[in-house]
Each structure stands twice: as C-alpha cells, then as structure tokens.
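please work out how this folds:
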Amino acid sequence: MEVIQSIIGFIIAIGILVTFHEFGHFYIARLFNVKVLNFNVGFGKNIYTKKFEGDETEYSIGMIPLGGYVKMLESHELDTYISSSSNRRKSSRRIKHSEIYNDNLRHCFDTQSVYKRFLIVAAGPIFNLILAVIFFTMVHFLGISGMKPVFESITPSAKNSPTIIYENMEIYKVNNNETKRWQDVRMELLNSIVDKQEIILYVKDNNNNFYNFKLPVNHQNILKAEGDIINNIGIKIKHPVIPAIIGNVQQNTPAHQANLLPGDKILEINRTKIQSWKELVNVIENNPDKQLEIKINRFDTFKYLTLTPLGKRHSEKLIGFAGISPDSNLLDQYRVTVKYPLINSIYQSINLTYHYSVLTLKMIAKLFLGEANVKNLSGPISIAEFTGKSLSMGFVYFAYILAILSISLGILNLLPIPMLDGGHLLFYTFEILLGKPVPEKIQLIGQQLGIVVLFGIMILAFYNDLLRLL
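Below you'll find the predicted structure:
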C-alpha cells in the first residue's frame, strides 16, 4: 500500500510540476505568435493524444512521467510542415517562394528575435517559481501544523566548544528570524551554514524567560555530514512524552497484519514494560524483521499479539517499521499551526520562494565545489517516498512539498548546462552580447557535455536512492 501511495504521489506531483513548466513555454510562445506543434507531458509511447478543432497543437501524455517538452515550429521544418498541412495550396510548387512559406516563416521559433526566444525559454522555470508561490499561498492561508521547536539539550558538534547549559527550551528565533516550527529552524540553520555566518539562537523556557547565545559550529563539516542538519549541529529534539496508545494503523502494514487497532494500549513487548510512545518506537526500530510478542490493553481486556516490524533502510541503518502512529489529539500541546490572512499569505509565500530559490542555488554550488555531501542528493525514488508520505498527511502538506519541488525544478532548469533551459539562455546571452548566434559547432559540443553532466547527476541520484533502500 505504501509503495502504491508513493507511486501515485510521484505521478501526481511530477504531472503537475512538468505540465505547469511546459505551459510556461507554451503560453509565452503563443503570446509571441509562435506555432506550437506538440505539447507533451512524459516520454516514451503516448498513452493519450488529443487535437482540438481549429488548433494545430497536438496534446500528448507519455508513458514515462519524468519530463515533457513543447515542440515549436522551426524554419528548417517548413517544407515538411506545409506539405502535411491542410492549408497546402495545390498550385504552390515553388513552395519556398510562396505566400504560405513566408507567412509561416514569421511564426517559427528560430526566426524570432533573441529577446523573444530568451523569454520563451525562461518562461518554463519562471512558471515553476510562480507555481511555488501559489502552493505556498494555499499552505499559509489554509494553515500548516508542525511541532514546536523545543529542544531537549544542545551538544555543539564543533571541537573544543563550551558546554551549553540550556535545556528543554523553545527556539523562537535564529539570527533574528522568527521560527515557529522545526522546519523554520532547519531553513535558518542551513542558510547560516551555507553563508558561513555565526548562529545566534533565541530561546525561551516554560515561564517565558528569554535567553540568547551563540552556537559554535564547524560550517564545512556540517555541510559534508549526512542526515538532518538539526541533529548534525548538536541539537537534540525534545520528543513529546505521550502514552503508548495507538491512534492510527496504516493498511497493509505489519501492525495491520498483527491485528492491532486504534485505541490499543501497548503494555509490554517481549515481557519488557513499555511506558511511553518513545519507548515503543525505540523497540520497534531496533528490531527490524524480528518477531515481537506484544501485550496490549483493549477495552480493559489484556491480549497478546505477534508483531514483526518490517526492515527499512534509513541513513545507512536498517530500522523496524510497524505502520502505527499515536493519537494526534495527544500532540496538540506540542503543535503549532502557522496561518496568515490572504494578503499576508501571498507576501510570506513570495518571500519564502525567494529564500528557497537562493538557498537551492547556493547548495548546488556547494555540491559542485565539493563542499557538501553528495549523498544528500535525492533521485526519483526518494521524491516518490516524500510525495507519498505528504499525500497521506493531507492536501496542505502535499502542497508544501509540491512548492519545494517546483522551486527545485525551476532552479535546476536555470543552470547553465546545455540541454537544460539555462544552457539555451546562456547561448542567447552570448548572442545578445556578441550580436550574432553562437556557432552551431560550439552549441553541439556544449550539448554533448551537457548530456554527460546530466547523465552523471542522474546516476548519482539513483545510486543514492538505491543505497537508502538496500
């Protein structure tokens, strides 16, 4: 069930992001009266094709949902296009000198000014950023919940760092930027690490006493570390102390197969008492693919069940997975919902899209310079897992993931690598500066190098995905 959910989430996510990206190219091309021959989402054999009356564009969906393209009319294709067009004139033998030829020539992509071509190509990534703003606006207007950034303790990862005595406090600001959820803290910490800035944490205790202190970090080591930046930097997240009472059981999971039900209270596992949800999780995670005897209290009746947690690879470690979660109502005091009025939501979304875009560019630069861990690069398998989980959590969380993925897609396509939109924009920039197009031979060499670079990135991303699974 989880695999199916991941596949569905991935197809929906990629379908939305790619369609909107290609729509950007399509819309601006149509705006400049460039003829669009194909609007295709996906690759491989088409499973759906549609052509509307009075519209020359063919709309298609391919079998492999990993991309798409918009094919525009080019001048070297005019003879073939006109000969197959329903508008062909029988008396028109010298087609290159005909009125039809000249009329279609001005609708070709390559005959447009370099500025129009630049805008048509740039529209795809720009539309991805616009889509991110739309999704973030939905998230902020509807409200998104998360855990309050309360830490148990802080042990700085940098060598010879002084011990930090603050414990069981909430981080309400990082470097003067407000943090309401742990995701906000991650964002601010990562920004500071990438920019090699000092990190000032502003914290408060349960009595609303406020403190601030500098967190010692080794910027270079943190980026090269694998896993969650919060853990790597030495902050231990405080997990809520809640009873081991099951709130939800996922279908087709070990817990479901063991006949566990919502409301069941876990009393013992292998004759060892369980007094909190954290203890329950620890036992399950530390016993992948091992049979566990569980004693439960169900409606004041004691029962014994057998649970075998499924082994899953997580950060190079095999951990057990049961498919249960606690009663969400028990977490209310630890949760916070971030919500804004519509106008504020739009402002917050534009601001967040900008910061995520800049951070993505900086992280890509760090990866290419060897200053960040390439193992953190994710491929389609990881993306499918993220989208599947967020889809099960509800629309708001799915929209949040879509916004982040849309930014990633837009920024990646703006990289100056031939074969990507950014590579074409680089050539057009040289054309504007030099006053003439870049020679085709140089463009061809660039495209070949671009294929090698992209192929290398894809292999690395797939390799990382497989390592997480094995």
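
contacting residues for Ile8?
Gly388, Leu391 (CB atoms under 8 Å, 6 or more residues apart in numbering). The C-beta positions use only the backbone N, C-alpha and C, and glycine is treated the same way.

any buried residues in the helix or strand where it lies, and which?
Using DSSP states H and E, Ile8 sits within helix 2-31. For helix 2-31, the neighbour count (16 or more other CB atoms under 10 Å) marks 2, 5-6, 9-10, 12-14, 16-26, 28-29 as buried.

chain center to it: distance?
How far helix 2-31 lies from its chain's middle: 13 Å, per CA atoms, centre = their mean, to the nearest Å.

which residues of the protein score low on pLDDT?
1-2, 85-98, 157-165, 315-316, 374, 376-386, 458, 460-470 (pLDDT under 70).

how about the helices in it?
Ranges of helices within the chain are 2-31, 78-84, 99-105, 114-142, 182-194, 219-224, 229-232, 254-257, 277-285, 342-368, 380-393, 395-413, 421-434, 440-469, based on DSSP state H.

in a markdown table, list these along with distance to Pro156.
A markdown table is the format used below for the helices of the chain (distance: least, CB to CB, whole Å):
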| stretch | distance to Pro156 |
| --- | --- |
| helix 2-31 | 37 |
| helix 78-84 | 66 |
| helix 99-105 | 66 |
| helix 114-142 | 33 |
| helix 182-194 | 13 |
| helix 219-224 | 11 |
| helix 229-232 | 11 |
| helix 254-257 | 38 |
| helix 277-285 | 24 |
| helix 342-368 | 22 |
| helix 380-393 | 29 |
| helix 395-413 | 28 |
| helix 421-434 | 39 |
| helix 440-469 | 28 |
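
looking at those, which is closest to Gly67?
Gly67 sits nearest to helix 2-31 of all the helices of the chain, at 6.2 Å, using CB to CB.

now the angle from the closest one to helix 114-142?
140 degrees (axes from the mean of the first three to the mean of the last three CA atoms, to 10 degrees).

and the residue most central in space within the chain, how far from Ile411?
Closest to where the C-alpha atoms of the chain average out (CA atoms, centre = their mean) is Leu405, at 3.2 Å. In this structure, Leu405 and Ile411 are 11 Å apart, going by CB to CB, to the nearest Å.

what does Ile14 give?
On the measure of CB to CB, Ile14 and Ile411 end up 16 Å apart.

repeat for Asp195
Counting by CB to CB - Asp195 and Ile411 are separated by 17 Å.

chain neighbours aside, what residue packs nearest to Phe20?
In space, and not counting its chain neighbours, Phe20 is closest to Leu131: 4.8 Å by CB to CB, 6 or more residues apart in numbering.

pretty sure the one you found sits against Ser408.
No: using CB atoms under 8 Å, Leu131 is not in contact with Ser408; the gap is 11.8 Å.

ok, the two, which is more surrounded?
Leu131 (25 against 20; other CB atoms under 10 Å).

and for Leu78, the neighbour number?
Neighbour number of Leu78 under other CB under 10 Å is 21.

just list the residues touching it, thanks.
Contacts of Leu78 (CB under 8 Å, 6+ apart): Tyr101, Asn104, Leu105, Cys108.

tell me the contacts of Leu201?
Ile171, Lys173, Val174, Asn212, Phe213, Lys214, Leu215.

now render those residues as CSV, adding neighbour count and distance to Glu268.
As requested, the contacts of Leu201 are exported to CSV (neighbours: other CB atoms under 10 Å; distance: CB to CB, whole Å):
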residue, neighbour count, distance to Glu268
Ile171, 24, 36
Lys173, 18, 43
Val174, 22, 42
Asn212, 13, 44
Phe213, 15, 42
Lys214, 12, 46
Leu215, 20, 40
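
quick one: these as CSV, columns for distance to Phe52 too.
Converted to CSV, these look like this (distance: CB to CB, whole Å):
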residue, distance to Phe52
Ile171, 54
Lys173, 54
Val174, 52
Asn212, 61
Phe213, 63
Lys214, 62
Leu215, 59
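
which ones among those residues map onto strands?
Using DSSP state E, the members of the contacts of Leu201 that fall within strands are Ile171, Lys173, Val174, Asn212, Phe213, Lys214, Leu215.

looking at those residues, which one is closest to Tyr334?
Ile171 (13.9 Å).

any idea how far that closest one is from Val281?
23 Å.

any idea how the protein splits into domains?
1-73+108-143+341-426, 145-237+328-338, 246-326 (automatic domain parsing).

now the ones you listed as CSV including distance to Leu454?
As requested, the domains of the chain are arranged in CSV below (distance: least, CB to CB, whole Å):
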stretch, distance to Leu454
domain 1-73+108-143+341-426, 6
domain 145-237+328-338, 23
domain 246-326, 26
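
nearest to Lys436, of those domains?
Nearest of the domains of the chain (CB to CB): domain 1-73+108-143+341-426, 9.7 Å.

tell me which of the contacts of Leu201 is nearest to Leu189?
Val174 (6.4 Å).

look up how far Val121 lies from the nearest residue to that closest one once chain neighbours are set aside.
Excluding the flanking residues, the one nearest Val174 by CB to CB, 6+ apart is Glu188, at 3.7 Å. Using CB to CB, Glu188 is found at 34 Å from Val121.

check the gap between Asn329 and Arg335 for me.
10 Å.

more neighbours: those two, which one.
Neighbour count, other CB under 10 Å: between Asn329 and Arg335, Arg335 has more, with 13 against 8.

count of neighbours near the nearest residue in space to that one that is not next to it in sequence?
Excluding its sequence neighbours, the residue lying closest to Arg335 (CB to CB, 6+ apart) is Ser145, at 5.2 Å. Neighbour count of Ser145, defined by other CB under 10 Å: 17.
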